[in-house]
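In: Could you look at this predicted model? Sequence included:
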Amino acid sequence: MPTDSQVLAIFADEDQTVAAIEAVKQSPWKLDRVHSPIPSHRILAALEVKKSPVGWVTLIGGIIGFFSGFGLAIYTASVWKLIVWGKPVIAYIPFVIVGFEFTILFSVFGNVLGLLIFGGLPDYKGLKNYDPRCSGEHFGVVAICDQEEQNKVIEFFQNQGGEARVFEELAADS
Amino acid sequence: MNEAAQLTYTEIDQTVLDTLRPPTGAYWLVVMVLILGVLQGAACWVYQIFVGIGAGGQNIPVAWGTYLINFVFWVGIAHSGTLISAILYLFRAGWRNPIARAAETMTIFAVTIAGLFPFIHLGRVWVVYYMLPYPNQRYLWPNFQSPLVFDMVAIGTYLTVSTLFWYTGMLPDLALVRDRATGFRKKVFTVISMGWTGKHEQWRHYTRGYLFFAALATPLVVSVHSVVSWDFALGIVPGWHSTIFAPYFVAGAIHSGLAMVLTLIIPLRKIFHYEKIVTMRILEAVAKTIIFTGLIVGYAYAVEYFLAWYSHNPVELESFRWRALGHYSIEFWIMVVCNSLVPLLFFFKRIRTSIAWLFTISILINIGMWYERFVIIIGGVAHDYIPHAWGLYWPSGIEWGILIGSFSLFFLFFVLFVKHLPSISMTEMKETLDHGGNDAH
């Protein structure tokens, strides 16, 4: 069975990383992922990624929260019909506060859920093919190639100013 | 060029990681003193539970004593954390980055402690679950028209949102600690960093999610202290029943919170050698914001008097006359001087660039803001409509003990935090370098 290799190149700065991303895009090898210690707009732009859909999950959470907050306040007022301060039993104006707080709370739950789902967290398996320097001061660019071309990719990255290392082989169809 | 721009990524990491080294004997001594403070506070509470709520100085007409003062005080302290982490983030104020983590942490601890006070104020704390909306055989539900139930919903939401915001923001830093740690610490940080590797896909969703967090936390922070203010403003009591209470409380909350940020960050900066990260420019920026919030608070004090005069309401007029000249006039003038006049000293560059002055003024504002809540909460009901119903209040020893216990608990949490988790966001500091100090994510 043919196998693929993951070659990680470590770069010292963002400029070199962006240049390496552009170079890999022009190469026959597949750009798998980029690790960085900071959220870099330049790297994301070079990778041409789309806007994250996290906001949609946040919105759904907010809608659920809005109706839950009002629903809870209305339901509890309906089962205990106590007139307070001469106000209607179902008093929408004070219930806005409950509705508002629940909207924010459930929006945040949606936001976190979206972040976990789309960001693939928790991802403890991802630590296997990862260089710890990428959380500190270095950037990592990972390319996938046939095992036979591994040395070519290493040389390619070295020419870009990076320090390359190879991770374990992956089955090509995996 | 900003001072922090002279740093490198490695220097930032090293400076912060150095703070997580095993602590010295002096650290444990401080922890022990704080634990003793907490224990004496807990003992006071236990005593009150056995003896009854009368162990405090509360009486009729002053049924809300220091427990409510402390509640409002700690909720207020919590507010500047969200101001710094969320609102200034949306404004792309780069100076927030070095102090955002400490401020967010302060928020969580302060809200937690604030949340304890309604429990302490309950005589029968074991029936606290009555406040929760759950189906029960009594068909008894919380009254969602009550400002006290608004409080429960708002504070619960604020604590949850602040904690999630704080934890999410810390993920990249937890991964960094994991990657530099060994042994048991590495295992712990591996679990809590959730396998974060800084992949571009993770950053893509993280940056978007963080932005939404900030956008959601901003209206939340305004709503929470508005809701707290309505505990009073919805009561028909002179000095409480005012339409300006929500913005007045929000401004005061941010004012006290910023002062507490200075109180915490100045020793932190000195002890952990953060001078190159938390530069004088950043402390100055906090001081300038304090001038702004101090002016709003001073304006609110003046407007309260104007409203009383303009209303021609004799009860309001008497209430505000008594506030300045009556039994609690010393507390009133401490409030006015510490919150509105002392912060004006920050107009002088020499003062706002002096560590000693910054620290002293921050403490004075904290004292002033505690007395502000004293004046409002006690003063209103102590001297309301009918002279024969007037009454005075002074906290009992039990209440002072619980107050000291709450401060001890707050500082204990903070002291434990700074030695076990990164107290400065390394990721955001690196971004500050990348964006010349004027941008965040």
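Out: Perfect, I can see it now. Note that the structure is predicted; figures quoted are calculated from it, not measured. Numbers count the residues shown, from 1 in each chain, chains lettered A, B, ... in the order given.
In: Which stretches in chain A count as helices?
Out: Using DSSP state H, the helices of chain A run over A:14-26, A:41-46, A:54-79, A:92-118, A:150-159.
In: and these, which is most packed in?
Out: Most buried of these, by mean neighbour count (mean count of other CB atoms under 10 Å in any protein chain shown): helix A:92-118, with a mean of 21. Any C-beta I mention is one placed from the backbone N, CA and C, and that applies to glycine too.
In: Mind giving me the packing neighbours of that one?
Out: Applying 3 or more CB pairs under 8 Å, 6 or more residues apart in numbering or on different chains; DSSP states H and E, one finds that helix A:92-118 makes contact with helix A:54-79, helix B:147-180, helix B:200-233.
In: The very next helix or strand once past the last one packs against which elements?
Out: To tie it back to what came earlier, the one meant is helix B:200-233. Counting by DSSP states H and E, the next helix or strand C-terminal to helix B:200-233 is helix B:245-271. Secondary-structure packing of helix B:245-271 (3+ CB pairs under 8 Å, 6+ apart): helix B:66-82, helix B:97-121, helix B:200-233, helix B:280-311, helix B:355-382.
In: Report all helices and strands that the shortest one contacts.
Out: Judged by 3+ CB pairs under 8 Å, 6+ apart, helix B:66-82 is in contact with helix B:97-121, helix B:147-180, helix B:200-233, helix B:245-271, helix B:355-382, helix B:397-420.
In: roughly how far out does that helix sit from the chain middle?
Out: Computed by CA atoms, centre = their mean, to the nearest Å, the chain-centroid distance of helix B:66-82 equals 5 Å.
In: After it, which helix or strand is next?
Out: The helix or strand immediately downstream of helix B:66-82 is helix B:88-90, counting by DSSP H and E.
In: do that next one and chain A meet?
Out: No: Helix B:88-90 is not in contact with chain A by CB under 8 Å from any CB of the partner chain; minimum separation 12.8 Å.
In: what does stretch B:94-106 give?
Out: No: Stretch B:94-106 lies apart from chain A when judged by CB under 8 Å from any CB; the minimum separation is 11.4 Å.
In: Tell me the backbone dihedrals of the residue nearest to the spatial centre of chain A, please.
Out: Residue closest to the average C-alpha location in chain A (CA atoms, centre = their mean): residue A:119, at 3.1 Å. Backbone torsions of residue A:119, given as degrees, to the nearest 10, read phi -80, psi 0.
In: now it: how far from chain B?
Out: Look at residue A:119 and chain B: by CB to the nearest CB, to the nearest Å, they are 4 Å apart.
In: contacting residues for that residue?
Out: By CB atoms under 8 Å, 6 or more residues apart in numbering or on different chains, the contact set of residue A:119 is B:201, B:202, B:205, B:206, B:209.
In: looking at it, residue B:180 is touching residue A:136, isn't it?
Out: Yes: the pair residue B:180 / residue A:136 is scored as a contact, 7.4 Å apart, by CB atoms under 8 Å.
In: And the pLDDT for the residue most central in space within chain B?
Out: With distances taken as CA atoms, centre = their mean, the residue of chain B nearest its centroid is residue B:77 (1.8 Å). pLDDT for residue B:77: 92.
In: wait, isn't it in contact with residue B:254?
Out: No: look at residue B:77 against residue B:254 with CB under 8 Å: they stay out of range, at 10.0 Å.
In: could the contacts of residue A:119 go into TSV alongside pLDDT and distance to chain A?
Out: Shown next, in TSV, are those (pLDDT from 0 to 100; distance: CB to the nearest CB, whole Å):
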residue	pLDDT	distance to chain A
B:201	92	7
B:202	94	5
B:205	94	4
B:206	94	6
B:209	94	4
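In: what about chain A, any weak spots by pLDDT?
Out: A:1-2, A:168-174 (pLDDT under 70).
In: and it, what are its domains?
Out: As given by automatic domain parsing, the domain ranges for chain A are A:3-37+A:136-171, A:54-118.
In: just checking, residue B:162 touches residue B:75?
Out: No: with contact defined as CB under 8 Å, residue B:162 does not count as touching residue B:75 (11.4 Å).
In: shared neighbours, these two?
Out: Common neighbours of residue B:162 and residue B:75, using CB under 8 Å, 6+ apart, are residue B:111.
In: in which helix or strand would I find the residue of chain B most remote from its centre?
Out: Most distant residue from the mean C-alpha position of chain B: residue B:137, 38.5 Å away (CA atoms, centre = their mean). Assigning secondary structure by DSSP H and E places residue B:137 outside every helix and strand.
In: Please name the residues that touch the residue nearest to residue B:209 when sequence neighbours are not counted.
Out: Leaving aside its chain neighbours, residue B:209 sits nearest to residue A:115 (4.1 Å; criterion: CB to CB, 6 or more residues apart in numbering or on different chains). For residue A:115, the contact set (CB under 8 Å, 6+ apart) comprises A:54, A:121, B:168, B:205, B:206, B:209.
In: Selection in ChimeraX covering whichever of the residues you listed are buried, please.
Out: To isolate the buried subset of these in ChimeraX, counting by 16 or more other CB atoms under 10 Å in any protein chain shown, use the following:
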select /A:54,121 /B:168,205,206,209
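In: Now tabulate the contacts of residue A:115 in TSV and tack on distance to residue B:406.
Out: Formatted as TSV, these follow (distance: CB to CB, whole Å):
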residue	distance to residue B:406
A:54	37
A:121	35
B:168	28
B:205	38
B:206	35
B:209	33
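In: that older thread, ok, and which of the helices and strands packed on helix B:245-271 has the densest surroundings?
Out: helix B:66-82 comes out most buried of the helices and strands packed on helix B:245-271 by mean count of other CB under 10 Å, with a mean of 27.
In: For residue B:23, which non-adjacent residue is spatially closest?
Out: residue B:419 is the one closest to residue B:23 (CB to CB, 6+ apart), at 5.2 Å.
In: State the number of residues packed around the one you found.
Out: Counted with other CB atoms under 10 Å in any protein chain shown, the neighbours of residue B:419 add up to 15.
In: Please report the distance of residue B:119 from chain A.
Out: Per CB to the nearest CB, residue B:119 is found 20 Å from chain A.
In: ok, that residue - contacts?
Out: Taking CB under 8 Å, 6+ apart as the test, what residue B:119 contacts is B:125, B:128.
In: Surely residue B:108 is in contact with residue B:162?
Out: Yes: when contacts are counted by CB under 8 Å, residue B:108 is listed as touching residue B:162 (5.3 Å).
In: What residues does the stretch 151-300 of chain B have near chain A?
Out: B:153-154, B:157, B:160-161, B:164-165, B:168, B:172, B:175-176, B:178-180, B:190, B:194-209, B:212-213, B:216, B:219-220, B:223, B:227.
In: ok so, going back, among the helices and strands packed on helix B:245-271, which comes closest to residue A:29?
Out: helix B:200-233 (16.8 Å; CB to CB).
In: Could I get the phi/psi values of the most far-flung residue of chain A relative to its centre?
Out: Relative to the C-alpha centroid of chain A, counting by CA atoms, centre = their mean, residue A:86 is the outermost residue, at 50.8 Å. Per-residue torsions, residue A:86: phi 70, psi 10 (degrees, to the nearest 10).
In: again with the one 3 residues further on
Out: When read as degrees, to the nearest 10, the backbone of residue A:89 gives phi -60, psi -50.
In: so what's residue B:300 up against?
Out: B:244, B:247, B:248, B:251, B:252.
In: Please list only the buried members of those.
Out: Neighbour counting over these (16+ other CB under 10 Å) leaves B:247, B:248, B:251, B:252 as the buried ones.
In: separation between the third one and residue B:76?
Out: Translated: residue B:251. To residue B:76, residue B:251 is 10 Å away according to CB to CB, to the nearest Å.
In: before we move on, what about residue B:181?
Out: Here residue B:181 is placed at a distance of 36 Å from residue B:76 (CB to CB).
In: for residue B:17, helix, strand, or coil?
Out: Taken by DSSP: H, G, I helix; E, B strand; the rest coil, the conformation at residue B:17 corresponds to helix.
In: pLDDT score for it?
Out: 93.
In: now swap in residue B:322 and tell me
Out: 95.
In: How about it, nearest residue that isn't a chain neighbour?
Out: Nearest one to residue B:322, counting by CB to CB, 6+ apart, is residue B:383 at 4.9 Å.
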